[in-house]
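Asks: sequence first, then the predicted structure, then my questions.
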Amino acid sequence: MAKLPVDIPELVKQFGPTLNRVPAGGWVASEEEDKMVKTHCCFCGQQCGIQLRVRNNKVVGWEPWEDFPFNLGKLCPKGVKRYMQDEHPDRLKHPLQRVPGKGFEPIGWDAALSRVVSEIQRIQQTYGNDSFAVLTGASLTNEKAYLMGKFARVALRTANVDYNGRLCMVSAGAASKKVFGIDRSANPWSDIPKAKVILVAGANIAECAPITTDYLWQARENGGKLIILDPRMTPIARNADLFIPVRSGGDIGVFNGMLHIMIERGWIDRDFIAQHTIDFELVAKAVKKYTPEYSARIAGVPPEMIVRAAEMWGPAPTSFLLHARGIEHHSKGVDNCIAAINLVIASGRIGREGCGYAMITGQGNGQGAREQGQKCDQLPGTRDISNPEHRKYIAGVWGVPEESLPAKGLSAVPLVEAIHEGKIKGLISICFNPTVSLPDANYVRAALEKLEFYVNIEFFLSETARYADIVLAGSLMEEDEGTTTNVEGRVIHHRKVVSPPGEAREDWTIICEIAKRLGQGDKFNYASPRDIFEELRIASKDGVSDYYGITWERIDESNGIFWPCPEIGHPGTPRLYEGGKFGHPDGKAHFIPIEWRPSAEMPDEEYPIILTTGRVVSHFLSGTQTRRIGGLLDQYPQPLCEMHPRLAEKLGVDDGDFVKVESRRGNVVVRAQVVKTIRPDTVFIPYHWPLDRSANNLTIRAIDPVSNIPEFKICAVRVSRTEQPTDAIAQLETEAGGIR
Amino acid sequence: MSERAFYIDYSRCIGCQSCVQACAECDTHRGVSLIHLETIQRRESVQTAPQVCMQCEDPICARVCPADAIKKTADGVVQSSLKPRCIGCSNCVLSCPFGVPKYQVEIDQMMKCDMCYDRTSVDKKPMCATVCPSQALTFATAEEIQRTRRGVAINRWKFGNEEVTTKVFVIVPREVERVNVELVQISPTPSALAPDPYDVALMLESVE
């Protein structure tokens, strides 16, 4: 019975979010630390190096790590303030059980785990193995991601395991796999400053991947040109050579339109296309009708902008494409990415210095966490769960019969729909806050209430954990050890900095203990995360993402190693596709023709405005961590609805007014921010806040047919001026979902 | 003090506030940031500008201080006010052409950016210039700047008739030799404004 035990203000009183503003032990002279530990930021996919300062087993501060090659000491505000999540008053320090009418009360580990195991067994015996699902996250280390996939398939034998990378990297990954045969950024970041033209499509780099900014500016110092596609003039767009304020969902117009011109003017590499690709003629045929005028109508921009983009990109000697959620969060997200990548392979500019392509991974381990087998369709080593050979190999590594491995299960959104429909009755989740991060949040909350049993592993009581029957106190990144794989494909080492506080435990030990109590202890008999990594090396061997040659020692010696790394003596592979050799069995890149189609919900008379959602620099994803850090919350305390003065005037809204934003699925009341830096047909709301401030109350539960990514970047809304709400939720602090 | 100097390139700034957050981490000012990050006019554009102390050769803040509380080190760094001398009059706050010194009510004292003297005096970079993701704030040698930046570094300013030379450089287009700051009308009439380069609606005017 996964219902809220008491009302939300009472839960907030007990578990926050509240703000931490002072380091553990207060502000004292910085020389006194016991040790300084070189590790990485826990937040985005860039995984910047940072040193954490420790005193009395407490993280009390930090120092830049200027020798780490990716960021050279640079940090965004999230990295700077990240240590304030340690020694936080909201930190969960022991397991909790839901007590209706009271909230959550402490419970011993043995009792908590016994309850979890008996509920798993009851539900699976009553309704079948697949009725118990696993939802995980892409901020988990490679070791934990590997463990969660194995736990689902071996200990629970459920098909239904998926992860929140489903909201992040799957469109980019699927497109890369289809075109190149490998799902990874093709180049190390050191290639970016060497490119003479850079196309950034749907990536608010300044706010969502801030460290990448310097790489772009270095390219410009070297004479490189910058083209930005975004419905909003973001901070990097302000200084771009060409800013194309594309209508959300219209990107294919720009990409196909550019390729049309490139073919017409001979700005394609015919030799490269002939030698290293297939099916170019299908694409050439498809883009024939994408004249500048036709393309411009799709993109919602003047045709001259598309012509200018082709003139910059087409004849350039070197080039680099970067894309992110702006083109990926669509019901045609995979197609958007393929259309963009077609521009790269048509130019032949890939696989050499200053020439290439990258997707900007969002979550901490957005790259690695999708390789180790916690996706509903994958086994470790980016293996395919539907491929008999792949199943056989992994079954061998795990010491289980191949036929015992479940088939492909449901991805995140259909999985939540199956909960809503009563087909899935039990859930274990870790590192995932779907009541804030999934689209159509009212539906998600209603689904969770239908679970017969829900156990959540967390370090703070997230808005989703409030629905749990049992909450198991897990670990922060700095309280455990393991590896992640950064945005470049570089495998790096997160060192253990401090121990989990109180009775909280390292996540991996919790999972192994549950597996043991389910009678599978011999398959989860690890002494440390390093043991798990050693098994992961073997499980990934000869797979696409081959980690076999990577050891923790080698990572430490080299500041990270890029996969594939098939042998101990292998140096790793910073740049893929050198010599035009691609990842498909035929060694070629595969052109795929793309036809534009409308988004799932286009604006109409009733809901005439496009809503697009995204992030701000001081918050991370669903805000479970960053809405608890004073400095970060102060920087952007509550969501604002950005709108152009022309739209604001039409609506009778002034800057700072309260506005009600409504879609067919729900509404939010937020303050308006009137700015000239957004298309007049579009409003933007960042999604890091919960409840009545959640942009995902509005978004649509439409998914891409291939990647199953939700369409966060476009739905239809109407906006009207309203009064300041005064209900109980509105009166909460803004970090908890209130409004000021 | 090393031969490295502090450089600001306003065109690189993305307004992320890493500098502000990192400055506030310093144990000597405990959660209070001494760097200013100005959002110029958010309605009009996303432009932002970081402002550290420019470390004037002849610091006006020190000249106007009636208590002689503001001192410059031998290597040219202007320090926060000396606690025993500062009378909290805010002359320095009013006189600084860059708007840098802050009067801290809680401690009744002026504090300002001293380029992280605790770090730079032991050959570390100032904290803001270390973390700055865009490297709008940079601590580097003149040679490094010449090699890696298109613009030119200058440190001469003219405010009305007052000429100021600073220890901190700003990076500007190649043809600029001195930054001349003239009095401007704060709210010009719309007709006096140049076409707005940051208005997305104007970019899309030809679109149906």
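Replies: That came through, no problem. Numbering: from 1, shown residues only, chains lettered A, B, ... in the order given.
Asks: surely A:Glu478 meets A:Val59?
Replies: Yes: between A:Glu478 and A:Val59 there is a contact under CB atoms under 8 Å: 6.2 Å. All C-beta atoms are positioned from the backbone trio N, CA, C, and that covers glycine.
Asks: intersection of neighbour lists for the two?
Replies: A:Leu52, A:Asp86, A:Val497, A:Val498 (CB atoms under 8 Å, 6 or more residues apart in numbering or on different chains).
Asks: enumerate the residues of the stretch 151-300 of chain A near chain B.
Replies: Counting by CB under 8 Å from any CB of the partner chain, the stretch 151-300 of chain A comes close to chain B at A:206-207, A:210-211, A:213-214, A:217-218, A:220-221, A:223, A:232-236, A:238-239, A:243, A:245, A:296-297, A:300.
Asks: if any of those residues are buried, put those into a ChimeraX selection.
Replies: Of those, the buried ones can be selected in ChimeraX as follows, counting by 16 or more other CB atoms under 10 Å in any protein chain shown:
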select /A:206,207,210,211,213,214,217,218,220,221,232,233,234,235,236,238,239,243,245,296,297,300
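Asks: from the residues of the stretch 151-300 of chain A next to chain B, which land in helices?
Replies: A:206-207, A:213-214, A:217-218, A:220-221, A:235-236, A:238, A:296-297 (DSSP state H).
Asks: residue closest to the middle of chain B?
Replies: B:Gln51 (2.3 Å; CA atoms, centre = their mean).
Asks: quick check: bridge partners of that one?
Replies: Assessed by DSSP bridges, B:Gln51 has beta-bridge partners B:His36.
Asks: OK, contacts around it?
Replies: With contact set as CB under 8 Å, 6+ apart, B:Gln51 has these partners: B:Ile8, B:Ile35, B:His36, B:Leu37, B:Glu38, B:Phe98, B:Gly99, B:Val100.
Asks: drop anything exposed from those residues.
Replies: Members of those classed as buried by 16+ other CB under 10 Å are B:Ile8, B:Ile35, B:His36, B:Leu37, B:Phe98, B:Val100.
Asks: name the nearest of these relative to A:Gln121.
Replies: Using CB to CB, the shortest approach to A:Gln121 within the buried ones among the contacts of B:Gln51 belongs to B:Leu37, at 56.1 Å.
Asks: my read: that closest one touches B:Gln47, true?
Replies: No: contact status for B:Leu37 versus B:Gln47: not in contact, 11.4 Å apart, counting by CB under 8 Å.
Asks: which neighbours do the two share?
Replies: Once CB under 8 Å, 6+ apart is applied, the residues that B:Leu37 and B:Gln47 both contact turn out to be B:Cys13, B:Gly15.
Asks: pLDDT score for the nearest residue to A:Thr141 once chain neighbours are set aside?
Replies: Nearest residue to A:Thr141 in three dimensions, chain neighbours excluded: A:Gly482, at 3.0 Å (CB to CB, 6 or more residues apart in numbering or on different chains). At A:Gly482, the model reports a pLDDT of 98.
Asks: and the residue of the stretch 551-700 of chain A nearest chain B?
Replies: A:Lys676 (4.3 Å; CB to the nearest CB).
Asks: need the contact list for the nearest residue to A:Glu481 once chain neighbours are set aside.
Replies: Leaving out its chain neighbours, the residue that sits closest to A:Glu481 by CB to CB, 6+ apart is A:Lys496, at 4.1 Å. Counting by CB under 8 Å, 6+ apart, A:Lys496 touches A:Glu478, A:Glu479, A:Asp480, A:Glu481.
Asks: the third one - how many residues pack around it?
Replies: Other residues near A:Asp480 number 24, with proximity taken as other CB atoms under 10 Å in any protein chain shown.
Asks: my guess is it meets A:Pro529, correct?
Replies: Yes: if you go by CB under 8 Å, A:Asp480 and A:Pro529 touch, sitting 6.7 Å apart.
Asks: and the residue of the stretch 251-400 of chain A found nearest chain B, how many neighbours?
Replies: In the stretch 251-400 of chain A, no residue comes nearer to chain B than A:Pro302, which is 4.8 Å away by CB to the nearest CB. Residues contacting A:Pro302 under the criterion other CB under 10 Å number 19.
Asks: surely it meets A:Ala296?
Replies: Yes: A:Pro302 lies in contact with A:Ala296 (CB under 8 Å); the separation is 6.2 Å.
Asks: got any residues that touch both of those two?
Replies: B:Val207.
Asks: thinking again about what came up before, ok, which pair from the buried ones among the contacts of B:Gln51 is furthest apart?
Replies: B:Leu37 and B:Phe98, at 13.4 Å, using CB to CB across these.
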